[in-house]
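> Provided below are the primary sequence and the corresponding predicted coordinates.
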Amino acid sequence: MKLFEQVNEAGLIQVAHAIAPSCRPGDMICLSGALGAGKTSFARGLIHGLGWPETHEVASPTFNLVVQYLTPDVRLPIAHVDLYRLDDARQVIGLGLEDMMDDHLLIIEWPERWGQDLPPEHLRIAIDGTGDVRSIAISGASSWIHRLQQLKVKL
Ligand SMILES: Nc1ncnc2c1ncn2[C@@H]1O[C@H](COP(=O)(O)OP(=O)(O)OP(=O)(O)O)[C@@H](O)[C@H]1O
Ligand SMILES: [Mg+2]
């Protein structure tokens, strides 16, 4: 199942907000797309949609690689991850994601860097384009299919 949207930045945030209520502990959302495609913008929409106050910053995890949101503001623990700077898929082990996988929502930018061990059960958001309007393709593994069908109604 695949959903496809053409959106400006506000529309991209709206799509993220529409997905947020479907997220559960243990979920993984992979954001793919070229440099500057809008992965962090989408993650911001998702994190705010999960309760992080709009007045609070969502920093890009480009340098820290993993930024967690654990305060009572958010509906579930979140780890926002950027794997761009990894040279080797084996470095994923050092990030401690295994320990977060059961009870966090993992939002992963540059999931390709995880290599073959990327857990297959995830929602994939592929963002493409460079202008004001970007395309978003949303596809999901089995546990997401039903949720995506509901999403189609909401989008
Ligand atoms: N329709 C749109 N959707 C998303 N971002 C848009 C859109 N139109 C313009 N932009 C701009 O594109 C940029 C997207 O930057 P962002 O940091 O989200 O990209 P990224 O995919 O996370 O890049 P990186 O690979 O460096 O992490 C922002 O400056 C944003 O304002
Ligand atoms: Mg980014």
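Perfect, thanks for sending it. Ligands and ions are numbered 1, 2, ... in the order given.

> hey, where'd the strands end up in the chain?
For the chain, applying DSSP state E gives strands covering 2-7, 28-32, 66-69, 78-82, 105-109, 123-128, 134-140.

> Can I get those in JSON lines including distance to L148?
Where you see a C-beta, it was placed from the backbone N, CA and C, and this is true even at glycine. What follows is these, written out as JSON lines (distance: least, C-beta to C-beta, whole Å):
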{"stretch": "strand 2-7", "distance to L148": "6"}
{"stretch": "strand 28-32", "distance to L148": "12"}
{"stretch": "strand 66-69", "distance to L148": "24"}
{"stretch": "strand 78-82", "distance to L148": "20"}
{"stretch": "strand 105-109", "distance to L148": "16"}
{"stretch": "strand 123-128", "distance to L148": "8"}
{"stretch": "strand 134-140", "distance to L148": "5"}
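
> For stretch 19-26, measure first residue to last.
Terminal residues of stretch 19-26 lie 15 Å apart, using C-alpha to C-alpha, to the nearest Å.

> roughly how far out does that stretch sit from the chain middle?
Relative to its parent chain, stretch 19-26 has a centroid offset of 11 Å by C-alpha atoms, centre = their mean, to the nearest Å.

> Let's test this: what are the backbone torsions at the residue in the chain positioned nearest to ligand 1?
Among residues of the chain, the one nearest ligand 1 by C-beta to the nearest ligand atom turns out to be G38. It sits 2.9 Å away. With angles defined as degrees, to the nearest 10, G38 sits at phi 130, psi 20.

> Can you report how many residues neighbour A16?
Each residue near A16 was counted by other C-beta atoms under 10 Å, and the total is 25.

> residues contacting the nearest residue to it once chain neighbours are set aside?
Once flanking residues are discounted, A16 sits nearest to G45: 2.8 Å by C-beta to C-beta, 6 or more residues apart in numbering. Taking C-beta atoms under 8 Å, 6 or more residues apart in numbering, we find G45 in contact with L12, I13, Q14, V15, A16, H17, A20.
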